[in-house]
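Colleague: Sequence below, structure please.
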Amino acid sequence: MKRGRILVLTPRFPYPVVGGDRLRIFQICRELSRHHELTLLSLCETKREFYSWLPQDGVFRRIERVWLPKWRSLLNVFAALPTRIPLQVAYYQSNAFRKKIDKLLPFHDLCLAHLIRTGEYVRYASVPKILEMTDAISMSYQRMREVNVQWSLKSWAYRIEADRLSRYERMAIRDFQITSLVSNVDRKFLLKDQECQHVIVCSNGVDCNILPFHNRDNSKPVVIFIGNMISLSNLDACMYFAKNVLPLVRKKIECVFRVVGRIKPKDASILEAIDGVEVVPNVQNIAEAAADARVGLAPIRFGAGIQNKVLEYMALGLPVVSSPIALEGLDAKVEQHLLIAVTPEEYVKHLCRLWSDSFLRNQLALAAHAYVLSNHSWSKCLLPLIEKIDEML
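Modeller: Numbers count the residues shown, from 1 in each chain. The predicted structure is shown next:
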């Protein structure tokens, strides 16, 4: 096998490796680095990120960074409002980044662009190129229109983006030799009934060494939600559960709703003002934050791709109660690996079942853990993409 030189473009510096988008591209690059030489070119929104330590994990032979201050990105967005350019593509536009790409591309055999945010830079480049698209973001935004989401500046922007993204994503996938998506649901949404062999699906994995199985026999009456609450779909899920479901649950059983992950202080205050809610922001160790929890929760009402939190709950031995959307892209079976709820009453019913039936809790946890061990190692999930790249080189 030829040892190729790959230029990797990312809209965010992928270190530290926290959050679903950083985790996936890091795992892809780690797999590729076993056989190829990788150069990372990344945008950085803050000077702290720009000057942060360089990793010594051996994944990248060379790392270049370009600082794109937030004020510049916001100006890009305002300038794009009268156009049909997706706002998130405009947000990440940088002349300095483009010049770096032009300088580095001639010394590489292939370019791997992470998300459409960097894919735009190389859509028309003559080198072999791959778009790691991950999700059909337009699907998430269109679904948000169907849900009664509390109005905010971000939700308003998402509504504007939906149609722009739908057009853009379907055009962008034609301009790359390979486009990688995380689930068949996203692929079908973008392609409709078209046959496109160059659009492949690679699911997400989970590292069961970092997230070890933990028996829940001595758990506390805690239902946990793990996620980045800067994401509107995660914040909406927490607000929906805390306001519409938790009061009904607490009439039946003793229950604390623990929200774990990055969150704005204002949103944390709103949640903490609701009886039975506790917020644990910016945790360093997810396994420790979930050590005493009884059930993992994923009441996602709109979204795309795969919900990593569901895989993480399964790895940790947490029985899962999920919405149908949060299960999309996974082959896990309802009532065998997890429970599904749509209405507040169904969430109440399932949580009461799990509180009163330790056998059911253990049965679901063990089956789900076996499922992720068999189906969601990173090396197995990413193999179709890695093999395609090897063929191109």
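
Colleague: what about the longest helix along the chain, average pLDDT?
Modeller: In the chain, taking DSSP state H as the definition, the longest helix is helix 153-172. The average of the pLDDT scores along helix 153-172 is 83.

Colleague: Let me know the pLDDT of Gln194.
Modeller: Predicted confidence (pLDDT) for Gln194: 80.

Colleague: Which strand or helix spans it?
Modeller: Using DSSP states H and E, no element contains Gln194; it sits outside every helix and strand.

Colleague: Could you count how many residues lie near it?
Modeller: By the other CB atoms under 10 Å criterion, the neighbourhood of Gln194 contains 9 residues. Every C-beta, even on glycine, is put in place using the N, C-alpha and C of the backbone.

Colleague: Please determine how far it is located from Arg123.
Modeller: For Gln194, the distance to Arg123 under the criterion CB to CB, to the nearest Å works out to 19 Å.

Colleague: Can you name the element that comes right after the longest helix of the chain?
Modeller: Sequence order places strand 178-181 as the next helix or strand after helix 153-172, per DSSP H and E.

Colleague: And that next one, what does it pack against?
Modeller: Packing contacts for strand 178-181, counted by 3 or more CB pairs under 8 Å, 6 or more residues apart in numbering; DSSP states H and E, involve strand 129-134, strand 199-201, helix 378-392.

Colleague: Can you check which of those gets nearest to Asp217?
Modeller: Among the helices and strands packed on strand 178-181, the nearest to Asp217 by CB to CB is helix 378-392 (29.7 Å).

Colleague: now the angle from the lowest-mean-pLDDT helix or strand in the chain to strand 129-134?
Modeller: For the chain, counting by mean pLDDT, DSSP states H and E, helix 153-172 ranks last in confidence among helices and strands (a mean of 83). Per axes from the mean of the first three to the mean of the last three CA atoms, to 10 degrees, the angle that helix 153-172 makes with strand 129-134 is 140 degrees.

Colleague: chain center to helix 153-172, what's the gap?
Modeller: Centroid separation for helix 153-172 versus its chain: 18 Å, with CA atoms, centre = their mean, to the nearest Å.

Colleague: Run through who's touching it.
Modeller: Helix 153-172 is touched from outside by 81, 84-89, 116, 119-120, 123, 131, 133, 136-138, 141-142, 144-145, 149, 179, 190, 232, with contacts defined as CB atoms under 8 Å, 6 or more residues apart in numbering.

Colleague: Sort out which of these are buried, if you could.
Modeller: Using 16 or more other CB atoms under 10 Å as the burial test, the contacts of helix 153-172 include 85-89, 116, 119-120, 131, 133, 136-138, 141-142, 144, 149, 179, 190, 232 as buried.

Colleague: Pull out the buried positions in stretch 203-222.
Modeller: Neighbour-count burial for stretch 203-222, counted by 16+ other CB under 10 Å, picks out 203-206, 208, 211, 213-214, 216, 219, 221-222.

Colleague: could I have the least confident helix or strand of the chain exported to PDB, CA atoms only?
Modeller: Output for helix 153-172, consisting of C-alpha atoms alone and laid out as PDB, is shown next (Å, rounded to 0.1, in the frame of the first residue of the first chain):
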ATOM      1  CA  LEU A 153     -31.900  34.100  17.600                       C
ATOM      2  CA  LYS A 154     -30.400  30.700  16.900                       C
ATOM      3  CA  SER A 155     -33.700  29.000  16.100                       C
ATOM      4  CA  TRP A 156     -34.500  31.900  13.700                       C
ATOM      5  CA  ALA A 157     -31.200  31.400  12.000                       C
ATOM      6  CA  TYR A 158     -31.900  27.700  11.700                       C
ATOM      7  CA  ARG A 159     -35.200  28.400  10.000                       C
ATOM      8  CA  ILE A 160     -33.400  30.600   7.400                       C
ATOM      9  CA  GLU A 161     -30.800  28.000   6.900                       C
ATOM     10  CA  ALA A 162     -33.100  25.000   6.200                       C
ATOM     11  CA  ASP A 163     -33.800  25.800   2.600                       C
ATOM     12  CA  ARG A 164     -30.300  27.100   1.800                       C
ATOM     13  CA  LEU A 165     -28.700  24.000   3.300                       C
ATOM     14  CA  SER A 166     -31.100  21.600   1.500                       C
ATOM     15  CA  ARG A 167     -30.000  23.000  -1.900                       C
ATOM     16  CA  TYR A 168     -26.400  23.300  -1.000                       C
ATOM     17  CA  GLU A 169     -25.900  19.900   0.500                       C
ATOM     18  CA  ARG A 170     -27.400  18.100  -2.500                       C
ATOM     19  CA  MET A 171     -25.100  20.100  -4.800                       C
ATOM     20  CA  ALA A 172     -22.000  19.700  -2.700                       C
END
